[in-house]
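> When you get a sec, could you give me coordinates for this:
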Amino acid sequence: MQAHSDEMRCLGKKIVFVPTMGFLHEGHLSLMREGLRHGDYLVVSIFVNPTQFAQGEDLDSYPRSLERDLELVEKEGAGAAFTPRENELYPEDFQTYVSLESLPRHLCGISRPTFFRGVTTVVSKLFNIVKPHIAVFGEKDYQQLIIIRRMVRDMNFDIGIVGAPTIREPDGLAMSSRNAYLTKAQRPAALSLYKSLLKAKTIVQSRIIKAARVIDEAKIIITAHAETDIDYINVCDPRTLDDMPIIDRPALMALAVRVGKTRLIDNVLLVP
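Residues are numbered from 1 along each chain as shown. Predicted coordinates for the structure are as follows:
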């Protein structure tokens, strides 16, 4: 992969990179299309990264469909797919990790304390292997996006990071590979996340700017459904992820909720 990227760079190609864990859906495909707006040679990685899963999480059951994924990647016009084996990225004596001090101590990082160390480690390795000029990440995983941006800035990676909008299913549910876990009966509960975010936008636009009020309304909508277990609902600064008690400027509302055994996340920007 490194040799191939060197060859593409020598040919004057501008490499754009979309890292994924596979089981691709329209959200992933939209990242690829966005990437091709910024460069002319698309590389997509498919790798279920073990270091971002804690003990007891769904590493073994995470949905996989490599053959189908490769067909989709080719159809979207990618020049290469990178599908490393686990022992290639993490050999037996592996001992080097990349971690940030502050940003991971918010939102998903509280209940998943090892998650972002795994993300930043694998992404930095993939950057060094694929050697892209541009990399594209989805805004649905907002905390991940700003953590990657901060890592790139702090570590002087010569890579532009592009954020792409959240892609939703026709009923509004944010697209995720983990949506495959949901049963038909759980679908209304899953949709309560998006409904609570829409309600929050309405509240803030009506000049109610206390974050506690917005969060309480979201809790009412979500807990009205069986099988929901709220991990967090936060209103925070989009840059630092620090809590914002008063929404006196654009604020990120982010939430994570378990519906049955499926952990879902979503977010929206609230503009007073």
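> All the strands of the chain, in order from the start?
15-20, 41-46, 80-82, 134-138, 160-164, 228-236, 251-259, 262-270 (DSSP state E).
> Put together a markdown table for the ones you listed, with distance to residue 203 and mean pLDDT on each row.
For every residue, glycine as well, the C-beta is placed using N, CA and C. Output for the strands of the chain, formatted as a markdown table (distance: least, Cβ to Cβ, whole Å; pLDDT from 0 to 100):
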| stretch | distance to residue 203 | mean pLDDT |
| --- | --- | --- |
| strand 15-20 | 35 | 98 |
| strand 41-46 | 39 | 98 |
| strand 80-82 | 44 | 98 |
| strand 134-138 | 26 | 98 |
| strand 160-164 | 25 | 98 |
| strand 228-236 | 11 | 98 |
| strand 251-259 | 10 | 98 |
| strand 262-270 | 9 | 98 |
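> can you list those strands in a markdown table and add mean neighbour count and distance to residue 30?
Compiled in a markdown table, the strands of the chain are given as follows (neighbours: other Cβ atoms under 10 Å; distance: least, Cβ to Cβ, whole Å):
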| stretch | mean neighbour count | distance to residue 30 |
| --- | --- | --- |
| strand 15-20 | 26 | 10 |
| strand 41-46 | 25 | 13 |
| strand 80-82 | 18 | 17 |
| strand 134-138 | 24 | 8 |
| strand 160-164 | 17 | 6 |
| strand 228-236 | 18 | 25 |
| strand 251-259 | 23 | 20 |
| strand 262-270 | 21 | 16 |
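> how about CSV for the ones you listed, with distance to residue 72 added?
Listed next are the strands of the chain as CSV, based on distance: least, Cβ to Cβ, whole Å:
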stretch, distance to residue 72
strand 15-20, 10
strand 41-46, 9
strand 80-82, 10
strand 134-138, 16
strand 160-164, 17
strand 228-236, 30
strand 251-259, 26
strand 262-270, 23
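> who's in contact with residue 98?
By Cβ atoms under 8 Å, 6 or more residues apart in numbering, residue 98 lies in contact with 117, 120, 121, 124, 151, 155.
> Produce a PyMOL select command limited to the buried residues of those.
Buried residues within these, by 16 or more other Cβ atoms under 10 Å, are selected in PyMOL with:
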select buried, resi 117+120+121+124+151
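> nearest to residue 5, of the contacts of residue 98?
Within the contacts of residue 98, the smallest distance to residue 5 is 15.4 Å, found for residue 124 (Cβ to Cβ).
> hang on, isn't that closest one packed against residue 154?
No - counting by Cβ atoms under 8 Å, residue 124 stays clear of residue 154, with 10.9 Å between them.
> any residues in contact with both of the two?
Joint contacts of residue 124 and residue 154 (Cβ under 8 Å, 6+ apart) do not exist.
> quick one: low-confidence parts of the stretch 51-200 of the chain?
Applying pLDDT under 70 to the stretch 51-200 of the chain picks out no residues at all.
> can you give me the helices in it?
66-75, 86-89, 108-111, 115-130, 142-154, 187-205 (DSSP state H, counting those that start in this stretch).
> would TSV of those with distance to residue 255 be doable?
Output for the helices of the stretch 51-200 of the chain, formatted as TSV (distance: least, Cβ to Cβ, whole Å):
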stretch	distance to residue 255
helix 66-75	28
helix 86-89	31
helix 108-111	10
helix 115-130	16
helix 142-154	11
helix 187-205	6
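> Those helices: which one's closest to residue 246?
helix 187-205 (10.9 Å).
> Quick check: buried residues in the closest one?
For helix 187-205, using 16+ other Cβ under 10 Å, the buried residues are 189-197, 199-200, 203-204.
> how close does residue 231 get to residue 159?
To residue 159, residue 231 is 31 Å away according to Cβ to Cβ, to the nearest Å.
> Could you count how many residues lie near residue 36?
Residue 36: 16 surrounding residues under other Cβ atoms under 10 Å.
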